[in-house]
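*Asks:* sequence first, then the predicted structure, then my questions.
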Amino acid sequence: MDGIHDLGGMHGFGAVVAPGGEAPYHERWEARVFALLQLVDLEGLGARPGDRATIEEMDPVDYLAASYYERWLWSAEQRLLRKGTIAAGEVEQMMERLAAGGPEPPAHRDPDQAARVVQWLGPEEIVPMQPATRTRFVPGQGVRVRRMHPAGHTRCPRYGGGALGVVPSRVERARREDGIGRARRWGMGPADLFLLSRDEAERRVQVAGLLAASFTPHCAALDPARLARGLARVVERLGVPIHEGTPVTRVRPGRADTPHGPVRAEVVVRATEGYGTTLPGLRRSLLPLYSLMVATEPLPEEAWKEIGWAGGETMAAGGHLFTYAQRTRDGRIAFGGRGAPYHFGSRIRPAYDRDEGVHRRLEATLAELFPPAAGAGITHRWGGPLGIPRDWTASVGLDRDTGLAWAGGYVGDGVGTANLAGRTLADLICGRDTDRTRLPWVQHRSRPWEPEPLRWLGVNAVRVLAGSADAAERRTGRPARLRERVLERFLGG
Ligand SMILES: Cc1cc2nc3c(=O)[nH]c(=O)nc-3n(C[C@H](O)[C@H](O)[C@H](O)COP(=O)(O)OP(=O)(O)OC[C@H]3O[C@@H](n4cnc5c(N)ncnc54)[C@H](O)[C@@H]3O)c2cc1C
């Protein structure tokens, strides 16, 4: 559960460290609240669940307006009320009496009880915490977080909101169920990937025409530019020089050639994804297929109230042309999809990152799926080539004889996969036999794409076919089987 008290991973709250923030109490009543909380627990005066889980129930607006100990006081009061230790209205009556100058309630002094509290707290709560002498992580370093998605209060940060696969039609539902069945055979359990009913899905996000959705907790949305810059900082801090803006013109055993001369190395790793097809000898190794995106301006709060999407899930809508979306941390919808033309000879040009027709189609689909965002301005339009192997299977490997290593062919899922590939390459190059080096994609070789003009004719025909299969399915509500079989032959390799 991502309640308001599970703030880890939420953005936009400013610096955590505030001047004077390290003092345990800023006013005397705060220490009393702390003492009250201990007594509620020690003497069993409050109902379950505990304090933090009860704080989760606070209205988010009240939560954000309250101070730290005001929240604790609120939760102690709720728990006392629920247990029947105090009666409804009793606190308000006391406040009114005191405000009217009524007598102070009698003081309750019980040294034995105080000693029991001190003993119960234990020394670690009494002795002030010392600053850490050694830090496990440095700023900017990547950390791995696990998303368990249990119900109830967990204090788990919300870095990973999972991934939703929205199901807009019965045809797509059958396809998702097939996909879940395949995932089960690969060892994904019922908690790893499952189908949400329409109601369950709509509680997460309101998507027009949604019938159901698949959900996996194993996904996190991130800002790719920050990731790339952060990784570069970490690598440089480890002493690795990074050279940018120098093209590699050829990769050969023991060297990468540049216009300024060769860079020599025992092992040369090619991790150039779709762009690598511009290197000699590699034109047919991958297909640079463009994926394009748009982003709205930040949506107003009212729009987000209608759409929901507070859990940070990434989202994909199936279909043969596949669209994907996420809510950005500054409140935009970033929305992307395939369908851009393939350019003869696997050409890559900066101009291809934009395609008016595809961007317009994306904007229309975005407005269709999220009606409250229909009038929003589109502030960004961009794209880039994905690397598609002939059998749509990513791979990573090292040829020991030549010292040439490679990783790629991620078909648009390369952010997490490139990380696994990097770790696997490190194992391979250092000669370590690990679980990673035994994965089926290691040393896998895809066959080359067809030569031109066959490649151009085939890819663009398939692109048109995929669009028409989606349209036919929308029209008839039935799978476009014939077109699907042709697509499978082509896509499945
Ligand atoms: C619009 C779009 C949306 C995407 N969305 C997602 C998503 O939601 N989730 C996901 O997982 N993936 C997504 N991807 C795919 C993801 O971006 C890639 O799979 C991932 O970046 C691959 O990482 P990489 O490090 O292998 O290659 P890249 O990030 O492509 O890096 C390759 C680098 O090699 C450099 N290079 C190439 N050739 C040469 C040369 N000859 N000389 C010198 N340098 C060279 C390039 O300049 C580049 O910096 C998306 C891609 C696009 C285009």
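*Replies:* Looks like it arrived, so ask away.
*Asks:* residue ranges with poor pLDDT in the chain?
*Replies:* Counting by pLDDT under 70, the chain has low-confidence residues at 1-4, 6-17, 124-126, 144-159, 318-321, 480-493.
*Asks:* break it into its domains for me.
*Replies:* With automatic domain parsing as the criterion, the domains of the chain are listed as 28-126, 163-222+296-367, 454-492.
*Asks:* can I take it that residue 357 is in a helix?
*Replies:* Yes - judged by DSSP: H, G, I helix; E, B strand; the rest coil, residue 357 forms part of a helix.
*Asks:* residues in contact with the nearest residue to residue 283 once chain neighbours are set aside?
*Replies:* For residue 283, ignoring the flanking residues on the chain, the nearest one in space by Cβ to Cβ, 6 or more residues apart in numbering is residue 277 at 5.3 Å. Backbone N, C-alpha and C define where each C-beta goes, glycine included. Counting by Cβ atoms under 8 Å, 6 or more residues apart in numbering, residue 277 touches 283-288, 346, 348, 387.
*Asks:* Throw the domains of the chain into JSON lines and include distance to the ligand and mean neighbour count, thanks.
*Replies:* Below are these laid out as JSON lines (distance: least, Cβ to the nearest ligand atom, whole Å; neighbours: other Cβ atoms under 10 Å):
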{"stretch": "domain 28-126", "distance to the ligand": "28", "mean neighbour count": "14"}
{"stretch": "domain 163-222+296-367", "distance to the ligand": "5", "mean neighbour count": "17"}
{"stretch": "domain 454-492", "distance to the ligand": "16", "mean neighbour count": "15"}
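*Asks:* redo those as CSV? Include distance to residue 401.
*Replies:* Shown next, in CSV, are these (distance: least, Cβ to Cβ, whole Å):
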stretch, distance to residue 401
domain 28-126, 58
domain 163-222+296-367, 27
domain 454-492, 30
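*Asks:* before we move on, which element is the spatially closest residue to residue 176 that is not a sequence neighbour in?
*Replies:* Excluding the flanking residues, the one nearest residue 176 by Cβ to Cβ, 6+ apart is residue 214, at 4.8 Å. Here residue 214 sits within strand 212-216, counting by DSSP states H and E.
*Asks:* how far away from the center of its chain is the very next helix or strand once past that strand?
*Replies:* As assigned by DSSP H and E, the chain's next helix or strand after strand 212-216 is helix 224-237. Distance of helix 224-237 from the chain centroid (Cα atoms, centre = their mean, to the nearest Å) equals 18 Å.
*Asks:* next, the buried residues of helix 224-237.
*Replies:* 230-231 (16 or more other Cβ atoms under 10 Å).
*Asks:* helices or strands next to that helix in the packing?
*Replies:* Helices and strands touching helix 224-237, as assessed by 3 or more Cβ pairs under 8 Å, 6 or more residues apart in numbering; DSSP states H and E, are absent.
*Asks:* can you tell me which of the contacts of residue 277 are in strands?
*Replies:* 287-288, 387 (DSSP state E).
*Asks:* sorry, back to before: partner strands of the strand holding residue 214, with direction?
*Replies:* Strands that pair with strand 212-216, judged by DSSP bridges, come out as strand 163-167 (antiparallel), strand 194-196 (antiparallel).
*Asks:* and residue 359, which of the ones you listed is closest to it?
*Replies:* Closest to residue 359 of the strands paired with strand 212-216 is strand 163-167 (Cβ to Cβ; 21.1 Å).
*Asks:* next secondary structure after the closest one?
*Replies:* Strand 163-167 is succeeded, C-terminally, by helix 170-185 (DSSP H and E).
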